[in-house]
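# need coordinates for the following:
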Amino acid sequence: MQAKKRYLLLAAGACVLLLGYLAGRRFGRLPPPGRTQSRRGATEPDPDGWRERADPLQTFWVGGEQQENREYAQRGSPPQQKREITRSVYKGKKCRMLSCFDFSQCHRNGFKVYIYPQQKGEKMSESYQNILAAIESSKFYTSDPRQACLFVLSLDTLDRDQLSPQYVHNLKSKVQSLHLWNNGRNHLIFNLYSGTWPDYTEDLGFDMGQALLAKASISTDNFRSNFDVSIPLFSKDHPRTGGEKGYMLFKNIPPLTKYLLVFKGKRYLTGIGSDTRNALHHVHNAEDIILLTTCKHGKDWQKHKDARCDKDNDEYERYDYRELLHNSTFCLVPRGRRLGSFRFLEALQAACIPVMLSNGWELPFSEVIDWNQAVVVGDERLLLQIPSTVRSINQNKILALRQQTQFLWDAYFSSVERIVLTTLEIIQDRIFNYISRNGLMWNTPPGALFSQPQYSAHLGDFPFYYSYLGTSPSTKFTAVIHAVTPLVSQSQPILKLLLAVAKSQYCAQVIVLWNCDKPLPAKHRWPSTAVPVLVIEGENKVMSSRFLPYDAIHTHAVLSLDEDTVLSTTEVDFAFTVWQSFPERIVGYPARSHFWDNTKERWGYTSKWTNDYSMVLTGAAIYHRYYHYLYTHYLPASLKNMVDQMANCEDILMNFLVSAVSKLPPIKVTQKKQYKETMMQQSSRTSRWADPDHFAQRQACMNTFASWFGFMPLIHSQMRLDPVLFKDQVSILRKKYREIERL
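Numbering: from 1, shown residues only. Down below sits the predicted model:
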């Protein structure tokens, strides 16, 4: 009996020990105190007691690697320095828009950005000058701090590497002395480089307080979701505006290329970021996978070179980097000393699908961009699996990925201006989240910078999304006739035009924009029509008023007309039916072209009949009403003032705008020799064609507009759309648009 009791006691004791062991394992899975759950499902550090030990179940990709990197980066640093690094990086970690941002000023005055005046004697890098210039030329800028929602420093914070010549000393005291600093509240700080050898931490060297951070190479651990903005690392040579177009826009690249996967760059023998690049030679096969590294960098590279350096250096010199970049399907983007790399933007531009090997990097603009549509995200620990992974991607997916790299490059990364504006638009969407853009607007052409949510919250009101929604634009148009001549006779061209347009089966209403100096004609002076005729007096009697987003325009389509345009009802009907298939473009009759004048080294404008064209003048054209909104709210006041002062070029500016947005040429419909009654009457005072300076002004406009856009957005086309049986040798009775052939 005693033996049985002893056995029972032993069994009970074993059960207690087993339960204790399992309970310990259970609690070991829980996050340590002071950690909160992030949007990615991983835990993020708390500023008070952020990490005692690693979560044993946390995956390598989510957070384990970042902890190892920090521990490795901080080796050799004294304990006090480690504590300072940790304290400075994670100070303000809990900041979010609701807790560290004042919305009241933004809701009162809109989203306006103020830049502090530059202090005398303060040096500023070219890149930071470009950032500030992009803000100053944007619609967000204000010179009045009382109107500002967001504040940007004139102190250069881009390079916080203490070994860099661009490093600004004593930044902490300089920032604290700013009279509007307010502990960084509603301030935005831009940064490209942080930390220095050997740690390369993400510490900026001064207390940011509650400021938002737009930073390159930011880690997912340090990234404050819905507060910070991850931006790309770009070089000092990155263009301020415009920028080069993506490579696929110049070349019709087939899905199959010479190389499968390429990389050419530095190899670090020791220190942070060296592990991945030191292992690339294991994947290099010198056939379709070309991964080249060199030790030949830095002053003392020969003292530290290893046994592989000489061989690597020789092979490195055999290949041209651009040739590799433009002839490969995939481009490896491994981390360097920091998480980000110039290779990322270079690959995007070249339509070379980036293969990311930078564990823990918060990809640029990840809050709004779906990078799964453009990049392949790898794992640094699984380098040897990369070749089989990229080989398994089918050609249809490859083509889709490459096309998306080109869209993203052009929409958000091609210039410093695009990067800055994207950053500001993201912050604006957070503040006014009830009208913020959705993922479709950010990730499909033309991109969020051209899709203004203030215009409408409904995708169907924009000209770009009909195919995604499976819908079509409205089946009617609104005619807007620009009137600048007094109404003195019932035989004037404007009255003939009004009657012809009003007879169209697709016409919903006619708006006469009265930009004449004389008073409005009496209502009985206008002919009676089957559709409403609304006469609106032009705002300030300027040319740009013809493109204002008038509330009276209810249809998607706008038929823009000059008062002396000659069009028949049949021509109007045909042009509108063509536009319904191309709602994102300008469709119309009078065409013009541009060219590059090598002798004068400037853009030229021509009205000669040639085999191509790049503009359709808005004196007789149909386009989407959304372009009225963009013309008014997107284009700078300087360009519109230029147009108004000259009373010229408004049609050219509209063509620039639409081509810049759509990346497509306009569409010309059936040609006729004369579309204006006053074109041939050179003595007419009412005709702009009689002004000898008219043509010279238009030449000047071309170059001014191209300078503001940063590139020439106009695109040549050789396509003209005619009715199917136009000029065919069949009976005229069989033709739908028979009247067109008689003109």
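
# check which element follows the helix or strand residue 427 falls within along the chain.
Element membership for residue 427 (DSSP states H and E) is helix 416-431. Using DSSP H and E, the helix or strand that directly follows helix 416-431 along the chain is helix 439-443.

# elements contacting whichever strand or helix holds residue 740?
Using DSSP H and E, residue 740 maps to helix 738-741. Using 3 or more CB pairs under 8 Å, 6 or more residues apart in numbering; DSSP states H and E, the elements in contact with helix 738-741 are helix 569-579. All C-beta spots, glycine's among them, are computed from the backbone N, C-alpha and C.

# contacts for the helix it packs on?
With CB atoms under 8 Å, 6 or more residues apart in numbering as the test, helix 569-579 has contacts from 477, 500-501, 503-507, 557, 559, 585, 587-589, 621-623, 667, 669-670, 721, 723, 737-740, 743.

# check those for burial and list the buried ones.
477, 500-501, 503-504, 506-507, 557, 559, 585, 587-589, 621-623, 667, 669-670, 721, 723, 737, 740 (16 or more other CB atoms under 10 Å).

# filter those residues down to the ones in helices?
Applying DSSP state H to those, the entries found in helices are 500-501, 740.

# quick check, nearest of those to residue 179?
Nearest to residue 179 among these is residue 501, at 59.1 Å by CB to CB.

# might one say that the closest one is in contact with residue 566?
No. Residue 501 is beyond contact range of residue 566, at 11.5 Å (criterion: CB atoms under 8 Å).

# where does the protein dip in pLDDT?
1-10, 12-91, 249-255, 298, 300-304, 672-692, 742-743 (pLDDT under 70).

# which residue packs closest to the most centrally placed residue in the chain, ignoring adjacent ones?
Residue closest to the average C-alpha location in the chain (CA atoms, centre = their mean): residue 412, at 2.6 Å. Excluding the flanking residues, the one nearest residue 412 by CB to CB, 6 or more residues apart in numbering is residue 422, at 4.7 Å.

# which stretches in the stretch 501-650 of the chain count as helices?
Counting by DSSP state H, counting those that start in this stretch, the stretch 501-650 of the chain has helices at residues 569-579, 626-633, 637-646, 650-662.

# go ahead and confirm residue 494 touches residue 482.
No. Judged on CB under 8 Å, residue 494 makes no contact with residue 482 at a distance of 9.5 Å.

# then stretch 435-451 to CSV, C-alphas only?
The C-alpha trace of stretch 435-451 is given here as CSV (Å, rounded to 0.1, in the frame of the first residue of the first chain):
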residue,chain,number,x,y,z
ILE,A,435,-11.9,62.1,-49.3
SER,A,436,-8.7,60.2,-49.5
ARG,A,437,-7.7,58.2,-52.6
ASN,A,438,-8.1,54.4,-52.7
GLY,A,439,-5.6,51.8,-53.7
LEU,A,440,-6.9,51.7,-57.3
MET,A,441,-6.1,55.4,-57.8
TRP,A,442,-2.6,54.9,-56.3
ASN,A,443,-1.7,51.8,-58.3
THR,A,444,-3.2,52.3,-61.7
PRO,A,445,-2.5,55.0,-64.4
PRO,A,446,-2.3,57.9,-64.3
GLY,A,447,-1.6,57.7,-60.6
ALA,A,448,-2.7,59.6,-57.5
LEU,A,449,-1.0,62.8,-58.3
PHE,A,450,-3.4,63.3,-61.2
SER,A,451,-6.4,61.9,-59.5
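
# before we move on, back to that, quick one, what contacts the residue nearest to residue 412?
365, 412, 448-449.

# check residue 456 too.
Contacts of residue 456 by CB under 8 Å, 6+ apart are residue 462.

# try residue 133
Going by CB under 8 Å, 6+ apart, the list of residues near residue 133 reads residue 240.

# hang on, it in a strand?
No. Counting by DSSP: H, G, I helix; E, B strand; the rest coil, residue 133 is not part of a strand but helix.

# tell me the secondary structure at residue 201.
Classification of residue 201 by three-state DSSP places it in coil.

# burial of it, as a residue count?
Using other CB atoms under 10 Å, residue 201 has 24 other residues around it.

# before we move on, what about residue 591?
22.

# what distance do you get for it to residue 95?
Between residue 591 and residue 95 the distance is 55 Å, computed by CB to CB, to the nearest Å.

# OK, contacts around residue 665?
585, 613-614, 659, 714-717, 719.

# rerun at 6 Å
Contacts for residue 665 (CB atoms under 6 Å, 6 or more residues apart in numbering) come out as 715, 717.

# cool, residue 226 as well?
Contacts were defined as CB under 6 Å, 6+ apart; by that measure residue 226 touches 96-97.

# tell me the SS of it?
Assignment for residue 226 (three-state DSSP): coil.

# residues contacting stretch 95-104, please?
With CB under 6 Å, 6+ apart as the criterion, stretch 95-104 contacts 185-186, 210, 224, 226-227, 430.

# hmm, which two among those residues are most spread apart?
185 and 226 (16.2 Å).

# now residue 315: closest residue in space that isn't a chain neighbour?
In space, residue 315 is closest to residue 292, 6.0 Å off (CB to CB, 6+ apart).

# er, residue 445 actually
Nearest non-adjacent residue to residue 445 (CB to CB, 6+ apart): residue 407, at 5.6 Å.

# tell me which element that neighbour is part of?
helix 395-408.

# please apply the same query to residue 468.
Short version: residue 468 belongs to helix 466-469, going by DSSP H and E.

# show me the contact partners of that helix.
Contacts of helix 466-469 (CB under 6 Å, 6+ apart): 459-460, 472.

# which of the residues in that helix are buried?
Within helix 466-469, the residues scored as buried using 16+ other CB under 10 Å are residue 466.

# and it, C-alpha only, in PDB?
Taking Å, rounded to 0.1, in the frame of the first residue of the first chain, the C-alpha atoms of helix 466-469 are listed here in PDB:
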ATOM      1  CA  TYR A 466     -14.300  53.200 -66.900                       C
ATOM      2  CA  SER A 467     -12.600  49.900 -67.900                       C
ATOM      3  CA  TYR A 468     -11.900  49.000 -64.300                       C
ATOM      4  CA  LEU A 469     -15.500  49.700 -63.300                       C
END
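
# and it, how far from the chain's centre?
21 Å (CA atoms, centre = their mean, to the nearest Å).

# equivalent analysis for stretch 598-611, please.
For stretch 598-611 - counting by CA atoms, centre = their mean - the centre lies 30 Å from the chain centre.

# end-to-end on it?
20 Å (CA to CA, to the nearest Å).

# next: stretch 187-198.
Start-to-end, stretch 187-198 (CA to CA) is 30 Å.

# which parts of it are buried?
187-196.

# so which of those residues comes closest to residue 352?
Nearest to residue 352 among those, with distances taken as CB to CB, is residue 192, at 22.6 Å.

# verify the contact between the closest one and residue 158 for me.
Yes. Using CB atoms under 6 Å, residue 192 is in contact with residue 158, at 4.7 Å.

# what separates residue 730 from residue 428, distance-wise?
Taking CB to CB, one finds residue 730 at 57 Å from residue 428.

# these two - which one has more neighbours?
Applying other CB under 10 Å to residue 730 and residue 428 shows that residue 428 carries more neighbours, namely 22 against 9.

# contacting residues around the more buried one?
residue 111.

# one more time with 8 Å, if that's ok
111, 140.

# quick one, phi psi at residue 188?
Here is the backbone geometry of residue 188 (degrees, to the nearest 10): phi -120, psi 130.

# quick check: bridge partners of it?
residue 152, residue 212 (DSSP bridges).

# and for the spatially closest residue to residue 443 that is not a sequence neighbour, the neighbour number?
In this structure, residue 443 finds its nearest non-sequential neighbour in residue 370, 5.0 Å apart by CB to CB, 6+ apart. Using other CB under 10 Å, residue 370 has 13 other residues around it.

# quick check: residue 370 touching residue 439?
Yes. Under the criterion of CB under 8 Å, residue 370 makes contact with residue 439 at 6.4 Å.
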